[in-house]
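Novice: give me the fold of what follows.
(one chain, ligands or ions: 1)
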Amino acid sequence: MTHIFDAAVLGAGLAGSSLAKALADKGWETLLLDRQTFPRHKVCGEFLSPESQSTLHSLGISESVAGLRPSGIERIRLIFENGAEMEVPLPCKALGLSRYSLDSALHLAAQQAGAKLQTGTTVTAVHPTDRGYNIEMVQNGEMSCVEARTVIAAWGASKRPGLPGYRKPDSGKRSYIGVKSHFRGILLEKVIELYFFRGGYLGLCPIEGGLVNASALLQRDALANAGKTIVAIMHAAAGRNPRLREKLAHAEPVLGTQAAVAPVYLNRKPLAWEQLPLLGDAAVMIPPLCGDGMSMALRSAALCAPLADGYLRGNLSIAEWQHIYTGAIKREFKGPLRWGSFLQWLFGVPTVSGWLPYVARMAPGLADGLVRATRLKPFE
Ligand SMILES: Cc1cc2nc3c(=O)[nH]c(=O)nc-3n(C[C@H](O)[C@H](O)[C@H](O)COP(=O)(O)OP(=O)(O)OC[C@H]3O[C@@H](n4cnc5c(N)ncnc54)[C@H](O)[C@@H]3O)c2cc1C
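Specialist: Residues are numbered from 1 along each chain as shown. Okay, the predicted model is just below:
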């Protein structure tokens with residue numbers, strides 16, 4: 001009889017690697033697959049929200065993360081096209097940490113727990129068998145198969161058509177492009193700055209090593225063709241917000257840290273299960289503006305791990321696992337998603353820079369409440 005893994009986790013981003021670590025910790029023979037090779041730079045604001053701390057702790061990875069010397073962040077500052085700004089304190093300290101370091105640290109933690117990591121391997125199909133699942137994959141142009149008793153999909157938002165969880169984008173729905181680059185020479189205290197302009201926004205987040213990560217989400221039709229390189233696109237965007245232009249004027253991009261992703265679709269409906277359990281962005285995507293996608297990816301892994309363990313032990317049926325996991329995803333993410341979509345809409349309203357900073361000054365609890373409404377509750 002051929003070898004069969006206990007669990008295969010498809011996608012080694014935050015959700016996948018933390019789940020693989022949790023399953024390996026329980027003693028399950030776990031295979032973690034990813035189409036990319038690591039370390040790699042990924043489009044992300046690199047702002048690890050305060051809510052992620054309790055989940056990192058429950059997954060046993062807070063020490064690995066602390067060892068990377070992330071920067072501490074205490075406030076969010078919003079800066080509009082007309083120069084108006086508003087500042088909101090965070091309920092507790094957030095972290096700024098590159099995905100280059102974070103994802104690799106999680107891989108190491110998963111491997112040290114006993115998981116097998118296989119990168120540069122694209123999963124092309126998953127078929128149920130009488131023992132579990134057959135996973136078809138391609139590595140260096142060669143096709144191969146592995147078998148696992150259970151399979152969990154953590155392949156992010158950009159899945160291949162035909163794979164479980166793929167959703168064809170609605171025609172006419174607005175699509176975005178995401179870009180990122182690290183910079184030297186930008187002074188930022190313990191604050192994340194979000195600059196708004198027509199066609200999108202750009203966030204500056206202090207990360208490890210005194211660098212600043214710049215990431216932008218831009219309407220494809222408005223700015224994506226504004227430059228030939230990622231840094232040129234960012235400078236074109238900065239031309240629409242004078243304070244951002246000033247901030248980037250003497251900044252030096254760090255070579256090799258640029259990345260782009262397109263198309264990005266917002267406001268997808270959550271889907272926790274389709275043939276397989278779906279984790280992280282594969283299940284639910286909060287507008288990146290909220291800076292909570294990584295926290296949700298980690299939380300989905302923390303919610304799924306004990307259920308997968310129960311299933312592998314024979315204490316739960318697959319139907320029970322599906323029912324409990326789907327309910328937990330709905331319960332935990334419904335509020336943040338609703339308020340996140342509202343904020344995404346609000347910051348797209350052309351007149352917002354005229355009145356929001358004024359309203360926030362008059363009713364400081366309102367801005368605070370809005371930010372809190374988009375956050376997850378601490379993990380218990
Ligand atoms: C512009 C922008 C800014 C953002 N800023 C923030 C922020 O500041 N803070 C925050 O918390 N979140 C932010 N996010 C969201 C955050 O990046 C995501 O929510 C998070 O990366 C989701 O993690 P994940 O593990 O679900 O998916 P991913 O990290 O995307 O990992 C999925 C993995 O699956 C692999 N994969 C895909 N298909 C296959 C396949 N067929 N076979 C094998 N492997 C496959 C991919 O290579 C990838 O490594 C931002 C997003 C964008 C676009």
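
Novice: could I get the full set of helices for the stretch 251-380 of the chain?
Specialist: Using DSSP state H, counting those that start in this stretch, the helices assigned to the stretch 251-380 of the chain run over residues 293-313, 318-346, 352-362, 364-373.

Novice: pick the most deeply packed of these.
Specialist: helix 293-313 (a mean of 24; mean count of other Cβ atoms under 10 Å). For the C-beta atoms, the positions are set from N, CA and C on the backbone; glycine is no exception.

Novice: and residue 6, how many neighbours?
Specialist: Using other Cβ atoms under 10 Å, residue 6 has 19 neighbouring residues.

Novice: OK, contacts around the closest residue to it other than its chain neighbours?
Specialist: Counting by Cβ to Cβ, 6 or more residues apart in numbering, residue 6 lies nearest to residue 28, which is 3.9 Å off, once chain neighbours are set aside. Residue 28 sits next to 6, 7, 309, 312 when contact means Cβ atoms under 8 Å, 6 or more residues apart in numbering.

Novice: repeat the analysis, applying 6 Å as the threshold.
Specialist: 6, 7, 312 (Cβ atoms under 6 Å, 6 or more residues apart in numbering).

Novice: read off the pLDDT value for the last one.
Specialist: Read it as residue 312. Residue 312 carries a pLDDT value of 98.

Novice: quick revisit: nearest to the ligand, of the contacts of residue 28?
Specialist: residue 7 (15.1 Å; Cβ to the nearest ligand atom).

Novice: just list the residues touching the closest one, thanks.
Specialist: 23, 28, 30, 148, 150.

Novice: buried subset of those residues?
Specialist: Neighbour counting by 16 or more other Cβ atoms under 10 Å classes 23, 28, 30, 148, 150 among those as buried.

Novice: so what's the backbone phi/psi at the last one?
Specialist: So the one you mean is residue 150. phi -140, psi 150 (degrees, to the nearest 10).

Novice: for the residue nearest to it when sequence neighbours are not counted, helix, strand, or coil?
Specialist: Nearest non-adjacent residue to residue 150, counting by Cβ to Cβ, 6+ apart: residue 7, 5.1 Å away. On the three-state scheme (DSSP: H, G, I helix; E, B strand; the rest coil), residue 7 is labelled strand.

Novice: in the sheet, who's paired with residue 7?
Specialist: Taking DSSP bridges as the rule, residue 7 bridges to residue 30, residue 150.

Novice: so of the contacts of residue 7, which two are at opposite extremes in space?
Specialist: 23 and 148 (10.9 Å; Cβ to Cβ).

Novice: on that earlier part again, what kind of secondary structure is the residue nearest to residue 6 in?
Specialist: coil.

Novice: what pLDDT does it get?
Specialist: According to the model, residue 28 scores 98 on pLDDT.

Novice: before we move on, back to that, tell me which of the helices of the stretch 251-380 of the chain lies nearest to residue 194.
Specialist: helix 318-346 (10.6 Å).

Novice: packing partners for the closest one?
Specialist: helix 293-313 (3 or more Cβ pairs under 6 Å, 6 or more residues apart in numbering; DSSP states H and E).

Novice: which residues of the stretch 151-300 of the chain lie near the ligand?
Specialist: 154-156, 159-160, 178, 215, 217, 261, 264, 280-281, 288, 291-295, 297 (Cβ under 6 Å from any ligand atom).

Novice: so which of these are in strands?
Specialist: Among these, DSSP state E puts 178, 215, 217, 261, 264 in strands.

Novice: max pairwise distance over the residues you listed: which two?
Specialist: 215 and 264 (11.5 Å).

Novice: neighbour count for the two, which is higher?
Specialist: residue 215 (23 against 19).

Novice: show me what from the stretch 1-150 of the chain comes close to the ligand.
Specialist: So the stretch 1-150 of the chain meets the ligand at 10-16, 33-36, 43-47, 49, 122-123 (Cβ under 6 Å from any ligand atom).

Novice: mark which of those are buried, thanks.
Specialist: Buried subset of those (neighbour count, 16+ other Cβ under 10 Å): 10-16, 33-35, 43-47, 49, 123.

Novice: next step: these restricted to helices.
Specialist: 14, 15, 16 (DSSP state H).

Novice: from what I see, the first one and residue 299 are in contact.
Specialist: No - in this structure, residue 14 is not within contact of residue 299 by Cβ atoms under 6 Å, at 10.2 Å.

Novice: so where is the protein shaky, pLDDT-wise?
Specialist: Applying pLDDT under 70 to the chain flags residues 1, 170-172, 223-224, 267, 349-350, 353-354, 358-364, 366-367, 369-380.

Novice: show me the helices in the stretch 101-250 of the chain, by range?
Specialist: Under DSSP H, counting those that start in this stretch, the stretch 101-250 of the chain gives helices at 220-223, 230-238, 242-248.

Novice: in the second one, what counts as buried?
Specialist: The reference is to helix 230-238. Buried-residue list, helix 230-238, by 16+ other Cβ under 10 Å: 230, 231, 233, 234, 235, 236, 237, 238.

Novice: which residues are in contact with it?
Specialist: 179, 181, 202, 216, 223, 226-227, 244-245, 248, 253, 258, 260.
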